[in-house]
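Colleague: What follows is a predicted structure for the sequence shown.
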Amino acid sequence: MASLRGHRGAPPWLRRPGGRTREFLRWVAPRPLPRADFATLLEFMGRDKKVAAGRLRMVLLEDVGKPVVVANLTSDELEAAWAELEETA
């Protein structure tokens with residue numbers, strides 16, 4: 001990273017030694033996702049590389065650093081999770 005410090009395209013937190021975490025988070029802050037209905041979302045998820053034998057597999061975190069592959073979720077469970085995420089957004 002030190003080699004990027006002088007680069008003009010580098011973010012301010014990296015150009016200045018001892019940059020602040022808050023500036024970094026502001027720089028990488030994700031933009032809100034566009035609104036999509038669940039049917040459209042499910043259609044796109046069905047094209048994902050993690051689909052095997054027609055079943056959607058998801059990699060979820062059980063704990064920090066403990067990923068787990070889940071392949072037995074129903075569309076009802078996925079839709080309920082999506083609705084919950086939309087409520088908190």
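Modeller: Looks like it arrived, so ask away.
Colleague: which helices and strands sit right next to the top helix by length along the chain?
Modeller: Identified as the longest helix of the chain according to DSSP state H is helix 75-88. Secondary-structure packing of helix 75-88 (3 or more C-beta pairs under 8 Å, 6 or more residues apart in numbering; DSSP states H and E): helix 38-45. Every residue, glycine included, has its C-beta placed from N, CA and C.
Colleague: List the contacts of the helix it packs on.
Modeller: Residues outside helix 38-45 that contact it (C-beta atoms under 8 Å, 6 or more residues apart in numbering): Val51, Leu56, Ser75, Leu78, Glu79, Trp82, Ala83.
Colleague: what's the fourth one in contact with, if anything?
Modeller: Spelled out, it's Leu78. By C-beta under 8 Å, 6+ apart, Leu78 lies in contact with Phe38, Leu42, Met45, Leu56.
Colleague: Buried ones only from those residues, please, as a PyMOL command.
Modeller: Of the contacts of Leu78, the buried ones go into a single PyMOL selection, burial set by 16 or more other C-beta atoms under 10 Å:
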select buried, resi 38+56
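Colleague: so can I have JSON lines of the contacts of Leu78 showing distance to Thr88 and pLDDT?
Modeller: Formatted as JSON lines, those follow (distance: C-beta to C-beta, whole Å; pLDDT from 0 to 100):
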{"residue": "Phe38", "distance to Thr88": "16", "pLDDT": "91"}
{"residue": "Leu42", "distance to Thr88": "20", "pLDDT": "89"}
{"residue": "Met45", "distance to Thr88": "20", "pLDDT": "87"}
{"residue": "Leu56", "distance to Thr88": "22", "pLDDT": "88"}
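Colleague: What is the nearest of the contacts of Leu78 to Pro32?
Modeller: Phe38 (17.2 Å; C-beta to C-beta).
Colleague: Which stretches in the chain count as strands?
Modeller: Along the chain, the stretches classed as strands by DSSP state E are 51-52, 55-56, 58-63, 66-70.
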